[in-house]
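[1] let me see the structure of the following:
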Amino acid sequence: MIPLSLADRLAAEIAASGPLRFDRYMARALFEPALGYYASGRARIGRKGDFYTSVSVGRMFGRVLAAQCAEVWERLGHPSRFDIVEQGANDACLAADILDAFQERVPACYEAARYTLVEPFPFLAESQHRTLASHGSHVQWISAVEDLDSFKGVHLTNEYVDALPVRLFLRAADGWLERYVTSHDGQLAFDDRPAEAVSTNLLPNDAPEGYLAELRPEAEEWITALAGKLDRGLLLVIDYGFPRAELHAPWRTNGTLSCYRAHRRDDDPLEAPGEKDITAHVDFTALAQAGLAAGLDLAGFADQHHFMVGAGTPLLLEMETSPASARRDADFREIKTLLHPETMGTQFKYLALARGIELGAPLAGFRHARNAMAVLGLET
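    Okay, here's the model as predicted:
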């Protein structure tokens, strides 16, 4: 007997039990055990995969992040245990680059470092173990944030939040509709239903008819949960997205939901669920608001260009004066790619939320950034 595809399974379940709200459908498409895009091992990053990330460029991304983490360690008073927690680590190449940089450049920080990977998928944890084998007792694994002890250090994510499920909304003539997924003769299709007013209070009141938008309440709940685990240190969120005013700008009529497979983008999340990535841009204003409500301080908001110039200045100065070599040339190429103002340099944003860190002077990565409260629309 041929096993059902995820699309067939979802169609059968919907026919039997009724439509799924889109965020619940998206969660199944990405994280269904053995069948979802991420849970099945189909997700591939890099030239031979479905999409690129900054990690794909090379080691310099991790080396700059290591410099920023080391500054946090210094501002915390050089604690004898310094935790770094990463979610969405994929193959753990970023973790390896950060730990390698600590070992080479800040050995005292390396001795204090304990790197925790939050990894729910055993097959990824096995791969990560192999990647990080040389770092031995400096690395540990847990399967969920709920298993995380109170920590002093840095929690970081790179392109994690964009994969958290979103709720979809469509503006109709008489108000907002919320998008569900139904099944017609075994084919998945959208089913739009009147939305509860409480669900749409963050959407633009003046949106034109036909306007599509996403909300991601799970991300705000995630920030709140992390804030409860952070004793002192930093939450650093790296992803593509915008402040809310820009995310829900009047001209963004089609929303930001996208699908990727083999470096090709499409806008049909109902086609081949489990076989491609489904993503939407991050509302950084919502994340910052959740952090502030949970008692955290807003420590900065910057695009990748400005963050890497600030946090990476010591590295860049050393590279300028170091002898020519193939390694130095490769590092320069990587930095140029990461900083490029028309691609990665402006596409990715960095949000920092802190507790118990003296912020009289900005962290290095946010030294050249504009006022975060103003940019995120949070000034009263």
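
[2] do you know how far residue 241 is from residue 219?
    Using CB to CB, to the nearest Å, residue 241 is found at 10 Å from residue 219. Yep, even glycine has a C-beta here, placed from its N, CA and C like the rest.

[3] ranges for the strands of the stretch 101-250 of the chain?
    Shown for the stretch 101-250 of the chain, the strands assigned by DSSP state E, counting those that start in this stretch span residues 113-118, 139-142, 151-158, 167-172, 175-184, 187-194, 212-215, 230-242.

[4] with the stretch 251-380 of the chain instead?
    Ranges of strands in the stretch 251-380 of the chain, per DSSP E, counting those that start in this stretch, are 258-261, 264-266, 277-279, 282-283, 297-303, 348-355.

[5] need the winner for burial among these.
    strand 282-283 (a mean of 27; mean count of other CB atoms under 10 Å).

[6] so can I have JSON lines of the strands of the stretch 251-380 of the chain showing distance to residue 139 and mean pLDDT?
    Formatted as JSON lines, the strands of the stretch 251-380 of the chain follow (distance: least, CB to CB, whole Å; pLDDT from 0 to 100):
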{"stretch": "strand 258-261", "distance to residue 139": "29", "mean pLDDT": "94"}
{"stretch": "strand 264-266", "distance to residue 139": "35", "mean pLDDT": "91"}
{"stretch": "strand 277-279", "distance to residue 139": "27", "mean pLDDT": "96"}
{"stretch": "strand 282-283", "distance to residue 139": "27", "mean pLDDT": "98"}
{"stretch": "strand 297-303", "distance to residue 139": "26", "mean pLDDT": "98"}
{"stretch": "strand 348-355", "distance to residue 139": "24", "mean pLDDT": "98"}
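
[7] out of the ones you listed, which comes closest to residue 116?
    Minimum separation from residue 116 across the strands of the stretch 251-380 of the chain (CB to CB) falls at strand 348-355, 17.6 Å.

[8] hmm, back to that, any residues in contact with both of residue 241 and residue 219?
    161, 282, 283 (CB atoms under 8 Å, 6 or more residues apart in numbering).

[9] quick check, nearest of the residues you listed to residue 200?
    residue 283 (13.9 Å).

[10] what about the strands of the stretch 251-380 of the chain, which gets the closest to residue 131?
    Go through the strands of the stretch 251-380 of the chain one by one with CB to CB and the one that ends up closest to residue 131 is strand 277-279, at 21.5 Å.

[11] what packs against that closest one?
    In terms of contacts (3 or more CB pairs under 8 Å, 6 or more residues apart in numbering; DSSP states H and E), strand 277-279 is packed against helix 22-31, strand 258-261.

[12] how about the first one as CSV, C-alpha atoms only?
    In other words, helix 22-31. Extracted as CSV, the C-alpha positions of helix 22-31 are listed here (Å, rounded to 0.1, in the frame of the first residue of the first chain):
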residue,chain,number,x,y,z
PHE,A,22,-4.1,28.7,7.9
ASP,A,23,-1.5,28.8,10.7
ARG,A,24,-2.5,25.3,11.7
TYR,A,25,-2.1,24.2,8.1
MET,A,26,1.3,25.9,7.8
ALA,A,27,2.4,24.2,11.0
ARG,A,28,1.5,20.8,9.5
ALA,A,29,3.1,21.6,6.2
LEU,A,30,6.4,22.5,7.8
PHE,A,31,6.6,20.4,11.0
